[in-house]
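Chemist: need the 3D shape of this:
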Amino acid sequence: MAGGEDALSAGGNSLDDLMPSEDDLLYEEELLRNPYSLKMWWRYIQARADASERRRHLLFERALRALPGSYKLWAAYLSGRRLVVRGISPRHPALSALAHTYERALVTMHKMPRIWLDYLQLLMDMKLITQTRRTFDRALAALPITQHDRVWVLYLRFLSQFGIPVETAVRVYRRYLQLEPTHAEEFIAYLKSKERWGEAARRLAGVLNDDTFRSIEGKSKHQLWLELCELITKHPAEVTAESIDVDSILRGGIRKYRDEVGRLWTALADFHIRRGAFEVARDVYEEGLCAVSTVRDFGLIFDALSHFEESLLAAKLAAAAGGEDGADGMETDEDDGTDFLLKDSGDDTDLRLARLEALASRRPALLSAVMLRQNPHNVAEWHKRVKLFTGDPTKQILTYTEAVKTVDHDKAVGKPNTLWIAFAKFYEKHGDIANARIIFNKAVQVPFKYVDDLATVWCEWAEMELRHSNFKSALDLMRRATSVPQRPRKLSQQEERQLPVQERLYRSSKLWAFYADLEESLGTLQTACGVYDTMLDLRVATPQIILNYALMLQEAKHWEAAFQVYERGTALFKYPHVADIWAAYLKSFVARYGGSKLERARDLFETALKDCPLEQAKPLYLEYAALEEQHGLARHAMEVYERAIPAVPKDLRLSVVELYVSRATDFFGIAKVREIYESAIESEPPGELPEADIRVLCVRYAQLERKLGEIDRARAIFVHGSHLADPRRDR
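Modeler: Just a heads-up that it's a prediction; the model follows:
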């Protein structure tokens with residue numbers, strides 16, 4: 001700073017230094033002839049670059065008096081003056097003189113932003129707050145709007161200096177945001193740094209409500225929301241003083257940002273806690289628990305509420321402990337409670353403790369409600385919720401009622417009919433059969449998605465009547481459920497699928513099977529046969545129902561009627577479903593008639609084998625052969641065995657050949673056996689045997705010939721079989 005003052009005093013005080021020298025006469029004469037020549041003045045000044053500062057300043061002053069509108073002269077003059085005063089004290093008179101020079105320059109240079117910026121920087125260095133602010137305002141008023149951004153950069157830097165009044169800075173920032181509304185985050189950051197929490201929250205809320213706002217710091221609306229929540233909850237008093245509707249703001253965020261619902265609910269409750277409104281905070285927590293739909297948000301709110309209740313309880317216990325230390329035992333032993341209002345000390349510790357315990361016990365039910373809000377059509381979750389209220393029949397009934405009203409059968413996950421059934425069984429378990437019947441009666445009118453669901457409800461209703469020995473009611477229910485609706489014309493399958501399940505219930509095999517079992521157990525043979533015949537006419541019978549019907553008739557000794565049922569079953573079904581019917585039919589027929597109706601039995605076997613697939617043919621062929629062996633001709637049995645070899649799968653043909661050889665040995669001797677072996681070994685497609693099985697037959701055939709002493713024949717068989725063997729593989 002001393003160096004700057006020395007520069008100001010350099011050049012002496014003599015007027016001789018300021019007078020023109022002989023070297024200056026040329027310039028002076030030229031300027032006398034043309035005093036408004038910028039070029040001549042500029043050459044004169046440049047030629048005296050090594051002159052004293054006072055001499056140069058005098059030249060500039062003379063030039064500017066002649067040419068006050070020259071930016072070049074003013075810029076060079078002011079720049080030189082700034083170099084002279086650089087580093088001196090802000091209170092030095094030279095700085096004030098320079099400021100006055102700038103004011104003179106701005107008379108004609110008020111449209112030049114560079115002059116304004118240098119002047120403003122000088123005033124900032126001089127620490128003249130009020131004058132600087134007013135000069136900034138003058139600059140903004142003088143310059144066109146397109147150049148304001150250059151001034152505002154310096155203006156904002158001025159506001160960040162130490163000692164600037166906060167209110168001044170706030171007002172200036174408000175003006176700045178009118179020019180650059182996208183820079184609202186800078187203002188908000190400044191307000192936070194100055195602890196102006198209320199206005200910061202109001203500005204941040206305004207930014208969030210502006211759909212056109214784009215953060216220059218790259219923050220998303222979600223991040224700005226979280227900042228606002230933190231600001232509101234940590235400084236509720238200041239925010240409330242700004243008349244900000246915190247409740248509406250946070251609830252708007254809850255509706256908008258579904259992935260941060262738990263955090264926003266806890267923020268709203270925390271806001272009320274810091275205000276001292278504990279009951280309101282508790283209500284907010286409860287509302288949040290009843291509104292969230294994810295387990296994560298639920299856990300966040302529940303933990304916050306638990307901590308809140310524990311904190312209140314701990315504070316109450318601490319206060320009670322302090323109060324006990326000062327008590328002197330003034331209480332009397334007798335207290336009948338009549339003067340409760342007069343003696344009540346306001347100690348609600350037990351209430352708070354009970355409230356905390358109730359909260360912990362409610363957690364499973366609250367969590368179940370969250371899961372149901374995720375998917376109210378989740379049947380399994382409704383069943384779990386009912387189990388939570390075990391021991392409280394009223395709540396269980398209310399839960400069942402809500403469940404059957406809420407679950408949409410088209411959107412249900414699981415079987416919705418189980419809710420109705422469980423509801424009815426609940427009444428039955430408690431001995432209320434009348435209400436159980438009412439529930440079942442409502443259930444059978446529900447438009448379930450599948451016929452099987454409705455059939456299950458009818459069956460459960462009938463089983464309930466059976467458990468209470470109401471046999472006639474059970475039969476009446478089944479008759480009612482299986483009644484065929486009267487229609488003006490026969491509908492196609494496509495048209496029938498469009499009808500409600502109640503109109504299609506009569507085609508449920510499950511329902512008819514249950515009805516048939518009831519008639520067999522409780523009705524007569526005629527009524528049971530009527531049920532089975534109706535099932536066959538409606539074509540809803542299954543192979544198992546056919547077998548049950550036939551077995552019932554056989555037990556009643558109605559053999560021909562049973563065989564007719566088998567015939568109808570074989571006409572209704574094809575392989576592979578008819579295989580069991582044919583097996584039972586043939587076995588029953590042979591057991592009943594033996595060889596007395598041999599031709600009819602042969603016709604049955606031939607019909608069964610006509611369309612039989614390879615995989616199911618072997619048992620039928622073996623039974624057919626056994627029939628011929630026992631009641632027919634051995635020659636016919638051999639023919640059956642021979643037909644069976646190509647009619648069964650390749651992997652089963654060896655076993656058929658072995659059985660064929662065994663039976664031929666018993667009936668016809670070695671000649672027939674040799675014929676069987678040779679035909680099997682030399683078989684051709686499609687009835688050929690696998691090579692591995694042929695090698696086995698060759699070995700057995702050769703062993704047989706060796707036992708008979710036919711060595712040459714055995715050798716020839718081995719030679720033939722060797723062509724099918726590989727020494728590297730077959731050992």
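
Chemist: continuing past the helix or strand containing residue 462, what's the next helix or strand?
Modeler: Here residue 462, judged by DSSP states H and E, is contained in helix 451-467. Once the chain leaves helix 451-467, the next helix or strand it forms, by DSSP H and E, is helix 471-482.

Chemist: what sits up against that following helix?
Modeler: 444, 455, 458, 461-463, 465-466, 505-506, 511-512, 514-515, 518-519, 522-523, 534 (Cβ atoms under 8 Å, 6 or more residues apart in numbering). The C-beta positions use only the backbone N, C-alpha and C, and glycine is treated the same way.

Chemist: buried only: go through those for me.
Modeler: Taking 16 or more other Cβ atoms under 10 Å as the criterion, what is buried in the contacts of helix 471-482 is 444, 455, 458, 461-462, 465-466, 505-506, 511-512, 514-515, 518-519, 523, 534.

Chemist: give me the residues contacting the strand or helix carrying residue 396.
Modeler: For residue 396, the host element (DSSP H and E) is helix 393-406. With Cβ under 8 Å, 6+ apart as the test, helix 393-406 has contacts from 376-377, 379, 382, 385-386, 389-390, 416, 419-420, 422-423, 426, 430, 446.

Chemist: beyond that helix, next helix or strand please.
Modeler: That would be, after helix 393-406 and using DSSP H and E, helix 417-429.

Chemist: pull out the buried positions in that following helix.
Modeler: Neighbour-count burial for helix 417-429 [16+ other Cβ under 10 Å]: 417-428.

Chemist: the next helix or strand after that helix: how far from the chain's middle?
Modeler: With elements assigned by DSSP H and E, the helix or strand that comes after helix 417-429 is helix 433-443. Put simply, helix 433-443 sits 38 Å off its chain's centre (Cα atoms, centre = their mean, to the nearest Å).

Chemist: and the angle from helix 433-443 to helix 417-429?
Modeler: 170 degrees (axes from the mean of the first three to the mean of the last three Cα atoms, to 10 degrees).

Chemist: okay, buried residues for helix 433-443 please.
Modeler: By neighbour count on 16+ other Cβ under 10 Å, the buried set for helix 433-443 is 433, 435-437, 439-440, 443.

Chemist: same list (the buried residues of helix 417-429) but as TSV, adding pLDDT.
Modeler: Below are the buried residues of helix 417-429 laid out as TSV (pLDDT from 0 to 100):
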residue	pLDDT
417	89
418	91
419	90
420	91
421	91
422	92
423	91
424	92
425	91
426	91
427	91
428	91
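
Chemist: could you give the number of residues near residue 161?
Modeler: 12 (other Cβ atoms under 10 Å).

Chemist: and residue 482, by the same measure?
Modeler: 23.

Chemist: next, work out how far apart it and residue 490 are.
Modeler: Here residue 482 is placed at a distance of 18 Å from residue 490 (Cβ to Cβ, to the nearest Å).

Chemist: re the thing from before, please identify the buried residues of the helix holding residue 396?
Modeler: 396-397, 399-400, 403-404.

Chemist: list the contacts for residue 467?
Modeler: Counting by Cβ under 8 Å, 6+ apart, residue 467 has contacts residue 428.

Chemist: tell me the pLDDT at it?
Modeler: We have a pLDDT of 90 for residue 467.

Chemist: repeat for residue 675
Modeler: So, for residue 675, pLDDT stands at 83.

Chemist: which element is it on?
Modeler: helix 670-681.

Chemist: restrict the following helix or strand past that helix to CA atoms and write it as CSV.
Modeler: Toward the C-terminus, helix 670-681 is succeeded by helix 691-707 as the next helix or strand (DSSP H and E). C-alpha atoms of helix 691-707 as CSV (Å, rounded to 0.1, in the frame of the first residue of the first chain):
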residue,chain,number,x,y,z
GLU,A,691,-30.9,-107.3,-32.7
ALA,A,692,-30.0,-107.7,-29.1
ASP,A,693,-33.2,-109.8,-28.5
ILE,A,694,-32.4,-111.8,-31.7
ARG,A,695,-29.0,-112.6,-30.3
VAL,A,696,-30.6,-113.8,-27.0
LEU,A,697,-33.0,-116.0,-29.0
CYS,A,698,-30.2,-117.5,-31.0
VAL,A,699,-28.3,-118.5,-27.9
ARG,A,700,-31.4,-120.0,-26.4
TYR,A,701,-32.3,-121.8,-29.6
ALA,A,702,-28.8,-123.2,-29.9
GLN,A,703,-28.8,-124.4,-26.3
LEU,A,704,-32.1,-126.2,-27.0
GLU,A,705,-30.6,-127.9,-30.0
ARG,A,706,-27.5,-128.9,-28.0
LYS,A,707,-29.7,-130.5,-25.4
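
Chemist: packing partners for helix 691-707?
Modeler: helix 650-667, helix 670-681, helix 711-722 (3 or more Cβ pairs under 8 Å, 6 or more residues apart in numbering; DSSP states H and E).

Chemist: make TSV from these and add mean neighbour count and distance to residue 164 to it.
Modeler: Compiled in TSV, these are given as follows (neighbours: other Cβ atoms under 10 Å; distance: least, Cβ to Cβ, whole Å):
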stretch	mean neighbour count	distance to residue 164
helix 650-667	17	99
helix 670-681	17	114
helix 711-722	15	113
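
Chemist: what number of residues lie near residue 81?
Modeler: Counted with other Cβ under 10 Å, residue 81 comes out at 21.

Chemist: ok, residue 391 next?
Modeler: Neighbour tally, residue 391, other Cβ under 10 Å: 6.

Chemist: what distance do you get for it to residue 166?
Modeler: 64 Å.

Chemist: do residue 70 as well
Modeler: From residue 70 to residue 166 the distance is 42 Å (Cβ to Cβ).

Chemist: those two: who's more crowded?
Modeler: Set side by side, residue 70 and residue 166 show more neighbours around residue 70, with 19 against 14, by other Cβ under 10 Å.

Chemist: and the more buried one, how far from residue 537?
Modeler: Taking Cβ to Cβ, one finds residue 70 at 118 Å from residue 537.

Chemist: do the same with residue 502
Modeler: 21 Å.

Chemist: these two: which has the busier surroundings?
Modeler: residue 502 (16 against 11).

Chemist: surely the more buried one is in contact with residue 455?
Modeler: No: counting by Cβ atoms under 8 Å, residue 502 sits too far from residue 455 to count as a contact (10.9 Å).

Chemist: which neighbours do those two have in common?
Modeler: Counting by Cβ under 8 Å, 6+ apart, nothing touches both residue 502 and residue 455.
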